[in-house]
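Peer 1: Need the 3D shape of this:
(chains A, B, C and D)
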2 protein chains.
Amino acid sequence: MPPDRLPPLNSLRAFNAAARHMSFQDAAEELFVTPAALSYQIRQLEDHLGVKLFNRLNRAVELTEMGLLIAPGIREGFARLSKTMQQLERRKSSNVLVISAGPAITAKWLAPRLYRFVSKHPNIDARVSSSVKKVDLEEDDVDVAIRFGAGKYAHCRTEKLFDEYVTPMCSPALVNGDRPLRTPDDLKNHTLISDDTHVGFFDLADWNAWFEQAGVKDGNQGHGKLQFNVADHALDAAISGAGVVLGRTALAQGDLDAGRLVMPFDLKIKADFSFFLVYLESRAEDPNIRAFRDWLMDEIGGYATRETPGPAV
Amino acid sequence: MPPDRLPPLNSLRAFNAAARHMSFQDAAEELFVTPAALSYQIRQLEDHLGVKLFNRLNRAVELTEMGLLIAPGIREGFARLSKTMQQLERRKSSNVLVISAGPAITAKWLAPRLYRFVSKHPNIDARVSSSVKKVDLEEDDVDVAIRFGAGKYAHCRTEKLFDEYVTPMCSPALVNGDRPLRTPDDLKNHTLISDDTHVGFFDLADWNAWFEQAGVKDGNQGHGKLQFNVADHALDAAISGAGVVLGRTALAQGDLDAGRLVMPFDLKIKADFSFFLVYLESRAEDPNIRAFRDWLMDEIGGYATRETPGPAV
DNA sequence: TGGTCACTTAAAGAAAACTTAACTGAAGTG
DNA sequence: CACTTCAGTTAAGTTTTCTTTAAGTGACCA
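Peer 2: Next up, the predicted model:
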């Protein structure tokens, strides 16, 4: 980057305020100076650039072509600086790390092991913001996000956590019970549990898709059905023996490891999407974010797959 | 936006230079001041924020946690301001509008009618940058782009120009010649022309796909084949009577209107992608960009479909 | 016609930023 | 082990820049 040769910064700030208010008076007020000072600043900028930025009308001002041209860029530049200073203020007082994740992954995966992160980093005040809504890392006060998706987010560094597979799962008691589960056909004797959390957000194989791949006709016409709109509730229902759930391996990990759930069949359908850790490229060196990322990678024992797409056409 | 209460801007600039160079000396040089001045500025910023930003080592400096936290944001903020001033410089001297478009759409659509834009806006120096490579509107010196895609680009305003369909096309002489083209089956008697320009960039129906939809078996085993790696060359070959091309309606528009090409069959396969005009959201009010956009919309006689996706997770 | 409103201008005063020059303390050098 | 060098610091004084005060302009409004 060459020596930038920027105009006097105070005059740029004055221009920014004036362009936003479309009034020198209001701008002067915002900056706690007299209108005279502001007028002088704008003129200084115009002289420096050799270009008129405002047309002075009788009792108003309007941006010239050139003013119109640079106003958005100047505004964004200062907004970026401003946001950055806010970040620092936030960090100065407390030491919060806001983690955004969907409800299911939070309940089944993140929350049960987050205590390890907190005890490893007692100075970091970790907060989980659990929501289905997409979160804007640049706007909302969120530091890192765990997202199920394709792993492409503008300006973000993303690291794959794990892939997702869909397969039937149930309580171990069910497998060898009075209606045993030996072949996919046996599923017709059981209540089929599912969830529609993802509908409208992303595609995920459903019972029909699984039965098709398993070569079972009319599998879905079986014993009964039970549907949830929160993924972890569906799993919990299966744990309690209510039936067989078409579960997601990543979410059910803990229950599978603990023996509360088993996968009676080999057939797993891989999802198009995976779980990713996402955070702003520009904040990759933030100590708190690094700490969380390192802990997370350690926790899953995998290594990172980095992808850093930028905005391109 | 509230009154920002930013720290002294000069001290921010000093911090930016120092953080980039990791050296007060070099930073001072960049800003054409003495090291003493720079030292003073950094201290001023630290005092203002109440936070140490650099650790002073014996003969070097290093960023503290807090310094590390804000450095990227500060840098980006100034980079934005800098880019904006560069834009103004560019516009001051000349009045260039750089249009980026793929080779085929340039040759067949844009170039033949761009003279109308230039004669309508004689003060604008329009330049076409024709390339297959993706262009970064924020980095490269490109003002607007015409792209074939899904119409989702970060930070960009996109307006749909037209959809794209794929269907056989040939010289009108061929249709009623000694090997007439009455039904899709007749294609077996003709040389099949195609292009693979798009391969690796996006999916587009090929001859196999078209034959399948037309219900023709083994259509592709016909008379002969001719393949190009530039889309407009394939069209030109068809115009000259070399055979039947699986043409793209948007690209062939001009040749179809002029009667140089005809579409012997009704079956058109719609492409997943469309042509879009793309430009940075922040430059939507740029007079040159507005002028081009308005002319373009006028030219196609359609109205705009605006989509402005931001970076979200 | 006279008052008001938004911005401008000029001169003087206040505040900031910069330089000079002397200082510190560690690393490299002979 | 002294001597030099090098990066950064500090303090005092100066220069530059910015800001205010106060008077001025010109269009709009009553």
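
Peer 1: From now on I want contacts and neighbour counts done on CA atoms only, so please keep to that.
Peer 2: Noted.

Peer 1: What residue in the stretch 151-300 of chain A comes nearest to DNA strand D?
Peer 2: A:Glu285 (20.8 Å; C-alpha to the nearest atom of the strand).

Peer 1: so that residue, which of the three states?
Peer 2: Here A:Glu285 is coil, with the state taken from DSSP: H, G, I helix; E, B strand; the rest coil.

Peer 1: any idea of the pLDDT on it?
Peer 2: In this model, A:Glu285 is scored at 83, pLDDT.

Peer 1: Pretty sure it sits against B:Ile70.
Peer 2: No - the pair A:Glu285 and B:Ile70 does not pass the contact test of C-alpha atoms under 8 Å, sitting 10.0 Å apart.

Peer 1: just to revisit the earlier point, ok, now which ones touch the residue of the stretch 151-300 of chain A closest to DNA strand D?
Peer 2: B:Leu68, B:Leu69 (C-alpha atoms under 8 Å, 6 or more residues apart in numbering or on different chains).

Peer 1: Looking at the backbone only, give me phi and psi for it.
Peer 2: phi -90, psi 0 (degrees, to the nearest 10).

Peer 1: what's the spacing between it and A:Glu138?
Peer 2: Going from A:Glu285 to A:Glu138 by C-alpha to C-alpha, to the nearest Å gives 16 Å.

Peer 1: for A:Gly177, same thing?
Peer 2: 52 Å.

Peer 1: neighbour-wise, which of these two wins?
Peer 2: A:Glu138 (18 against 9; other C-alpha atoms under 10 Å in any protein chain shown).

Peer 1: Confirm that the more buried one sits in a strand.
Peer 2: No - read with three-state DSSP, A:Glu138 is coil and lies in no strand.

Peer 1: ok, it to A:Ala154 distance?
Peer 2: Taking C-alpha to C-alpha, one finds A:Glu138 at 10 Å from A:Ala154.

Peer 1: longest strand of chain A?
Peer 2: strand A:156-169 (DSSP state E).

Peer 1: Tell me the helix or strand right after that strand.
Peer 2: helix A:172-175 (DSSP states H and E).

Peer 1: about what we covered before: the longest strand of chain A: partners in the sheet, and parallel or antiparallel?
Peer 2: Applying DSSP bridges, strand A:156-169 is found paired with strand A:244-248 (antiparallel), strand A:269-280 (antiparallel), strand A:306-307 (antiparallel).

Peer 1: could you give the mean pLDDT of the shortest one?
Peer 2: When pLDDT is averaged over strand A:306-307, the result is 51.

Peer 1: With stretch A:71-86 instead?
Peer 2: 94.

Peer 1: pLDDT at the residue lying farthest from the centre of chain A, what is it?
Peer 2: Centroid-distance maximum for chain A: A:Asn58 at 49.6 Å, with C-alpha atoms, centre = their mean. A:Asn58 is assigned 75 on the pLDDT scale.

Peer 1: now it: how far from A:Leu68?
Peer 2: Where A:Leu68 is concerned, A:Asn58 sits at a distance of 20 Å (C-alpha to C-alpha).

Peer 1: try A:Ile289
Peer 2: 38 Å.

Peer 1: Same question for A:Lys268.
Peer 2: In this view, A:Lys268 and A:Leu68 are 57 Å apart by C-alpha to C-alpha.

Peer 1: With A:Gly224 instead?
Peer 2: Applying C-alpha to C-alpha to A:Gly224 and A:Leu68 gives a distance of 64 Å.

Peer 1: Give me the more crowded residue out of those two.
Peer 2: A:Leu68 (18 against 13).

Peer 1: Dihedrals phi and psi, that one?
Peer 2: Torsion angles, degrees, to the nearest 10, at A:Leu68: phi -60, psi -40.
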